[in-house]
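**Q** structure of the sequence below:
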Amino acid sequence: MKTIFNHLENQIEGTETLPEGIVQLNEGTERIFTLMKNRPSLVIWLIWIVITGVDLIIRLIGAIPLASFPAILVNFAGGVAISQFLFFHFLPRVFLKKKWLLEFVQLILILVVYMLAKYFILMPGLVDVPSIRAFFGNEATRFFHFSVYIIVIWFFYIDGKRQELHKKMEVEHLRLETEHKSSQLSQHFVLNWISTFLIEVKNVSPDLAHKLSKFTEVLSYSYKDPNHPNSLGQEIRVVKSYLESQQFRFKEKLNLKFSINLRGIDPGEFQLPKWILMTLVENVFKHGNCLNSLHPCLISMDMFPAEYKGYSFAISISNDLNRADPVRPSGFGVKTVRRILNYYFQDRFQLFTAKSEAEFNLFLQIHYGQNHASV
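**A** Next up, the predicted model:
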């Protein structure tokens, strides 16, 4: 489990060693946190043993009369039992399952029953019996104190379990990622083979080789690492190659009108996360019908100087809806695009969609400020 001491250690690592005292303190703290995470019940018992021991020592040093053994036993056993209830039942259900009302009612009933039983069992043996009101006040104060300890331990415990689960998920993700990569062809093999095939095709049919090169460009772009810098110009170029590939696929059946106006502006100077425009355009073919001779699919792109400093890019899409069996969502659609744009552009984009029974419309505008080299 991470602690604040690791942060200090990482900052000065490689420059000087930590003082021996800090190293020991760090190791001791880690052991305590590990014990809280792995053996929370034992920690609760130890806390009550320490509290009881400190209370006895104080009474012996201060010559304060000791309570009877039954009273000490009831206090100790009752405190441990209620602490276990708080830790393993009350706190998880309140904070994790949001069962506030029911759990608070249960806790109050348990405390009232415990305090009443304690009062009527132990008080008759005392010379000066306190009023039930004073007794309940003292017991409520006692309960508040040890509740603080239990809550602190529980939050350390949950944080430790969360980090442990996160670590397991990371390991599982790496395992799945490795298995996924090992189960697919290498991108270098695929692209190199297509390039070799392209050379052979070019000798037979230059036009067919040109069409194959457009598909190869889309395929190569799909393999690109999304963490690498990507430009609006690259995205636009791949969209054009994708549409040309679809034209070759559907021939004269495809009813698509595509227009682009960059007004002499170089889109390669503007950054855009990979596959943003491609997702929107691909959805036209995935969820729409571009083979309707009476309703063409319309895709237009425009780049223009903004009224305020910088430039704006806009894409507009309109398509007839495919009323056949719906396509299963891929998980990467307009909602995901919106989240990605919101992360990179915050309030510098607008994305609108409208859907009727027969038609889907989308409009996206991104504003690039003066510093448009990065998103």
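**Q** where do the strands sit along the chain?
**A** Per DSSP state E, the chain carries strands over the ranges 256-261, 288-289, 297-305, 311-321, 349-355, 359-368.
**Q** tell me what Phe363 is bridged to.
**A** Beta bridges link Phe363 to Ser316, Phe352, judged by DSSP bridges.
**Q** surely it and Ala314 touch.
**A** Yes: counting by Cβ atoms under 8 Å, Ala314 is a contact partner of Phe363 at 7.1 Å. From N, CA and C alone the C-beta is placed, and that goes for glycine too.
**Q** sorry, back to before: I'd like the strands of the chain as JSON lines, with distance to Leu86 and mean neighbour count appended.
**A** Converted to JSON lines, the strands of the chain look like this (distance: least, Cβ to Cβ, whole Å; neighbours: other Cβ atoms under 10 Å):
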{"stretch": "strand 256-261", "distance to Leu86": "65", "mean neighbour count": "13"}
{"stretch": "strand 288-289", "distance to Leu86": "57", "mean neighbour count": "18"}
{"stretch": "strand 297-305", "distance to Leu86": "61", "mean neighbour count": "18"}
{"stretch": "strand 311-321", "distance to Leu86": "56", "mean neighbour count": "20"}
{"stretch": "strand 349-355", "distance to Leu86": "48", "mean neighbour count": "13"}
{"stretch": "strand 359-368", "distance to Leu86": "52", "mean neighbour count": "19"}
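**Q** going by mean pLDDT, which of those comes out lowest?
**A** Mean pLDDT values for those show the minimum at strand 288-289, a mean of 92.
**Q** quick check: Asn227 vs Gln187, distance?
**A** Asn227 is 15 Å from Gln187, where distance means Cβ to Cβ, to the nearest Å.
**Q** for those two, work out which one has more neighbours and name it.
**A** Counted by other Cβ atoms under 10 Å, Asn227 and Gln187 do not tie: Gln187 has more neighbours, with 14 against 8.
**Q** need the contact list for the most centrally placed residue in the chain.
**A** With distances taken as Cα atoms, centre = their mean, the residue of the chain nearest its centroid is His166 (10.6 Å). Taking Cβ atoms under 8 Å, 6 or more residues apart in numbering, we find His166 in contact with no residue.
**Q** gap between it and Val201?
**A** His166 sits at a distance of 50 Å from Val201 (criterion: Cβ to Cβ).
**Q** do Ser222 as well
**A** 21 Å.
**Q** when these two are compared, which one has more neighbours?
**A** Using other Cβ under 10 Å as the criterion, Ser222 and Val201 rank with Val201 on top: 18 against 13.
**Q** per-residue confidence for that one?
**A** If you check Val201, the pLDDT there is 90.
**Q** and the closest residue to it other than its chain neighbours, how many neighbours?
**A** Of all residues not flanking Val201 in the chain, Ala209 sits nearest, at 4.6 Å (Cβ to Cβ, 6 or more residues apart in numbering). Using other Cβ under 10 Å, Ala209 has 17 other residues around it.
**Q** next, the contact list for Ala209, please.
**A** Contacts for Ala209 (Cβ under 8 Å, 6+ apart) come out as Leu198, Val201, Lys202.
**Q** from Val50, how far out is Arg338?
**A** Going from Arg338 to Val50 by Cβ to Cβ gives 54 Å.
**Q** what about those two, which has more around it?
**A** Neighbour totals were compared for Arg338 and Val50, and Arg338 leads with 14 against 10 (other Cβ under 10 Å).
**Q** Thr353 is in contact with the more buried one, correct?
**A** No: under the criterion of Cβ under 8 Å, Arg338 is not in contact with Thr353, lying 9.3 Å apart.
**Q** what mean pLDDT does stretch 45-65 have?
**A** With pLDDT averaged residue by residue, stretch 45-65 scores 78.
**Q** from here on, count from 55
**A** With the count now opening at 55, the last piece we talked about shows up as stretch 99-119.
**Q** okay, that stretch in PDB with CA atoms only?
**A** What follows is stretch 99-119 as a C-alpha-only set of coordinates in PDB (Å, rounded to 0.1, in the frame of the first residue of the first chain):
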ATOM      1  CA  TRP A  99      -8.800  -6.700  18.900                       C
ATOM      2  CA  LEU A 100      -5.400  -5.100  19.400                       C
ATOM      3  CA  ILE A 101      -6.800  -1.600  19.600                       C
ATOM      4  CA  TRP A 102      -9.300  -2.700  22.400                       C
ATOM      5  CA  ILE A 103      -6.500  -4.600  24.200                       C
ATOM      6  CA  VAL A 104      -4.400  -1.400  24.100                       C
ATOM      7  CA  ILE A 105      -7.300   0.800  25.200                       C
ATOM      8  CA  THR A 106      -8.100  -1.500  28.100                       C
ATOM      9  CA  GLY A 107      -4.400  -1.800  29.100                       C
ATOM     10  CA  VAL A 108      -3.900   2.000  29.000                       C
ATOM     11  CA  ASP A 109      -7.100   2.500  31.100                       C
ATOM     12  CA  LEU A 110      -5.900   0.000  33.700                       C
ATOM     13  CA  ILE A 111      -2.400   1.600  33.900                       C
ATOM     14  CA  ILE A 112      -3.900   5.100  34.300                       C
ATOM     15  CA  ARG A 113      -6.100   3.900  37.100                       C
ATOM     16  CA  LEU A 114      -3.300   2.100  38.900                       C
ATOM     17  CA  ILE A 115      -0.900   5.100  38.700                       C
ATOM     18  CA  GLY A 116      -3.600   7.500  39.700                       C
ATOM     19  CA  ALA A 117      -4.900   5.300  42.500                       C
ATOM     20  CA  ILE A 118      -8.300   5.300  40.900                       C
ATOM     21  CA  PRO A 119     -10.500   2.400  42.000                       C
END
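**Q** right, I'll leave it there.
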